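Participant: build the 3D model from these lines:
(chains A and B)
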Amino acid sequence: MTKITKKLLCIAMSTILLAGCTGSSSANGKITLEFFSVKSENIGIYQELIKEFEAKHPNIHVDLEQPPEAETVLRMKLTKNDTPDIIAFNGNPTYGEIAEVGVLHDFSGSDLVDKVQPKYFDMLDRLVGPERDGVYGLPYATNADVVVYNKQKFQELGLEIPKTWDEFINCLEIAKKAGETPIEFTLLEPWTTLPVWNTLAANLVPENFGELKDAGKTSFAETHQEVADKMLTLLQYGHRDNFGIDYNGGNRAFASGEGVFYLQINSSVPEIKRINPDIELGTFPLPVTNDPTETKLVSGVDVALSISKDTKHKKEALQFIEFLMKKENSQKYLEDQKTFSAIKGVTQDNSTYDGIRGYFEKGKLVSFQDHYYPTGLGPENNIQSFLIDQDKEAFLQKLDKEWEKVQNR
Amino acid sequence: MAKINKTYLLMIIPALVVFFSFHTLPLLQGIFYSLTDYRGYGTWDFVGFKNYFNVFQDGRALNAYGFTFKFAIVSTIIVNIISILIAMGLNAKIKFRKSLRAIYFLPYILSLLIIGYIFKFMFTHLLPQLGRTLDWDFLSTNILGNPDLAWVGVVIVAVWQAAAFNTLLYLAGLATVDEQIYEAANIDGAGSWTKFWKITFPMIAPFFTINMVVAMKNFLMVFDQIVALTNGGPGHVTESISLLIFSSGFGGEFAYQSANAVIFFIVVVAISIFQLRLLERREEQ
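Facilitator: Residues are numbered from 1 along each chain as shown, chains lettered A, B, ... in the order given. Here you go, the predicted model:
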């Protein structure tokens, strides 16, 4: 207790001090907008865009804040009623909870809403829940769970992009026989189980599983058997220290030519390229079933932009969001982040994504399952334990029990 | 009389105000919120003792208690054995005694997180290589990714860092022992083992008590080491209570983990009092 209180106090005091600093800058006639982002990978491109924005609007200063453990810090700021002017959320339950409490600006009726592809609004809406209507976040950038592959190795092994689960397993077998590491797992960090879990679950389990489970109409034990089995199958094609390598280590290993496939979120692509700019990468969605027409790409909202309801500078905050959502700026963001856009008419043309672009165009998309699990469930640690001890029944029952427990609080 | 009171009051009141507002008040707030369904922000209602009942049925919380106690007991014992040995070595008449004492105190000055990340690097990259060269199976993979061994990694780091401070306390204790007693023992023909058990240990018993209590309390609160090394993983096997309270508390379970924090507070106080009682009685004998 005392240790936590101390930590809290330290953080609270330092933020008070920081707030004091930023507050004073408005004295020289400039308006300061606090721009809080929960993501740390895009700090460079934000800074670039902010510089351009500030050049066009000399009376506005945008203060970018991207602390580590950002969602925790954001919750603490809300605890103190110190909501940042602009928040860039990830489309996960944190967004849903905060939007539900009613501290965010409602964009309903704004021109900005029309700029965004509507299916991404649906994903955010389902996070907020049925009790509150309105548009509290504008989807900006989106992401996808993909299979990244090393093009050079792929050709050396004579592989073709697999369309079915059996073809994919066959690719893994060929790679294994050739003495390669088929899949570079990074399971020391529990969250890296989620891209695999989400892709399997999204293609094998009804998309509204979360709602059904909340209503007590379904369970993990009933619906996730095949998901768990297939995860174990994939695990056989890892390396010798699957649970000893973390995400950064995995990126480094993959960039230096270890591993043929990398089951990851697409944001790993720029990270790998940064370590080895010469590596040629390709992507495709993991084929989960043996019917190639059934395969869907798992995609969700990576960045959603929101404004505090009570900000003193709503006009300026809206100006900034409008600036970010301009086509040319969104394009710059995509090029830097090697990701996808929620804004109509902005496409990612990087050749790495040739294998999945069609899924975006045809709208064969499905959302991340774990975004609709209640906060506090923490599926990733349970999945990690399951992959270690491989006790499927106990694992699925545990998820069911944890879900009910979290709901009860 | 009244005049003296005023001076004392002037001295005590600022400290009392600071202590109350930064320590007691948050504690009371925590107890208050533990009776609600507060998420850390937004609206809330009173729910009575529901959070407390839920903690006792929460497998994850019980697992955290289990791990924390196992870790604290093992670490406390190892730290005290190592500290006594180092302290006696540093207290002996050896060359560079002063500089060696400084070197042995160094780990305590370094930040726990930095130590943790350095050790994590060693566990992840250096030790598996060593294990593969020597063909030791248990070392050939990262022990932090192995649910059976991850806690050993945490113990190693925690003990390595904590031994410095406990050594310092034992050194202070050894300085209080009169040389003449040893001389008398030498004349009587006592061996070094007898000297340790019959003279050194009883003479530094109060320091042993303090070290046991301090070490136990610190290890029960273990947090930084785990954040740097495993972040509670793999699964939840190395999740300590402090880490659980912190990570879940600010993950939307503020009130629930406040209840957990209150329980933990009571447990730590109870253990400390129990230890003090037990060890003090032993000292008197």
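Participant: I'd like to know how far residue B:170 sits from residue B:87.
Facilitator: Remark: distance between residue B:170 and residue B:87 (Cβ to Cβ, to the nearest Å) = 3 Å. For every residue, glycine as well, the C-beta is placed using N, CA and C.
Participant: with residue A:76 instead?
Facilitator: Remark: distance between residue A:76 and residue B:87 (Cβ to Cβ) = 42 Å.
Participant: for the residue in the stretch 1-150 of chain B that chain A sits nearest to, give me its contacts.
Facilitator: Closest contact between the stretch 1-150 of chain B and chain A, by Cβ to the nearest Cβ, is at residue B:142 (2.7 Å). Contacts for residue B:142 were tallied using Cβ atoms under 8 Å, 6 or more residues apart in numbering or on different chains; they are A:188, A:241, A:243, A:244, A:245, B:123, B:124, B:127, B:128.
Participant: center of chain A, which residue is that?
Facilitator: Nearest to the mean C-alpha position of chain A, by Cα atoms, centre = their mean, lies residue A:302 at 4.8 Å.
Participant: and residue A:76 and residue B:87? which has more neighbours close in?
Facilitator: residue B:87 (27 against 18; other Cβ atoms under 10 Å in any protein chain shown).
Participant: test my guess that the more buried one contacts residue B:174.
Facilitator: Yes. Between residue B:87 and residue B:174 there is a contact under Cβ atoms under 8 Å: 5.9 Å.
Participant: got the phi/psi numbers for the residue of the stretch 1-150 of chain B closest to chain A?
Facilitator: Dihedral pair for residue B:142: phi -60, psi 120, per degrees, to the nearest 10.
Participant: could you check the pLDDT of it?
Facilitator: Residue B:142 is assigned a pLDDT of 86 by the prediction.
Participant: and residue A:20, by the same measure?
Facilitator: 41.
Participant: try residue A:177
Facilitator: At residue A:177, the model reports a pLDDT of 92.
Participant: so residue A:277: helix, strand or coil?
Facilitator: Under DSSP: H, G, I helix; E, B strand; the rest coil, the three-state class of residue A:277 is coil.
Participant: how much space is there between it and residue A:353?
Facilitator: Applying Cβ to Cβ, the value for residue A:277 to residue A:353 is 17 Å.
Participant: can you pick out the residue with more neighbours from the two?
Facilitator: residue A:353 (24 against 8).
Participant: quick check: that one vs residue A:347, distance?
Facilitator: For residue A:353, the distance to residue A:347 - Cβ to Cβ - is 10 Å.
Participant: also residue B:40?
Facilitator: According to Cβ to Cβ, residue B:40 stands 39 Å off from residue A:347.
Participant: residue contacts, the residue in the stretch 201-350 of chain A that chain B sits nearest to?
Facilitator: Closest to chain B within the stretch 201-350 of chain A is residue A:244: 2.7 Å, counting by Cβ to the nearest Cβ. By Cβ under 8 Å, 6+ apart, the contact list for residue A:244 reads A:188, B:124, B:128, B:141, B:142, B:144, B:145, B:146.
Participant: which residue sits closest to the first one, ignoring its sequence neighbours?
Facilitator: Which is residue A:188. Spatial nearest neighbour of residue A:188, excluding adjacent residues (Cβ to Cβ, 6 or more residues apart in numbering or on different chains): residue A:246 at 4.4 Å.
Participant: any idea how far that neighbour is from residue A:297?
Facilitator: Separation of residue A:246 from residue A:297 (Cβ to Cβ): 26 Å.
Participant: do the same with residue A:222
Facilitator: From residue A:222 to residue A:297 the distance is 26 Å (Cβ to Cβ).
Participant: more neighbours, those two?
Facilitator: Using other Cβ under 10 Å as the criterion, residue A:222 and residue A:297 rank with residue A:297 on top: 26 against 12.
Participant: tell me who's in contact with that one.
Facilitator: Applying Cβ under 8 Å, 6+ apart, the residues near residue A:297 are A:144, A:145, A:146, A:285, A:356, A:359, A:360, A:364, A:365, A:366.
Participant: can you do 7 Å?
Facilitator: A:144, A:285, A:356, A:359, A:364, A:365 (Cβ atoms under 7 Å, 6 or more residues apart in numbering or on different chains).
Participant: leaving out chain neighbours, which residue sits closest to the fifth one?
Facilitator: Going back to what we said before, that points to residue A:364. residue A:296 is the one closest to residue A:364 (Cβ to Cβ, 6+ apart), at 5.0 Å.
Participant: from memory the residue nearest to the centre of chain A sits against residue A:339, does it?
Facilitator: Yes. With contact defined as Cβ atoms under 7 Å, residue A:302 reaches residue A:339; the gap is 6.3 Å.
Participant: any idea whether residue A:370 is helix, strand or coil?
Facilitator: helix.
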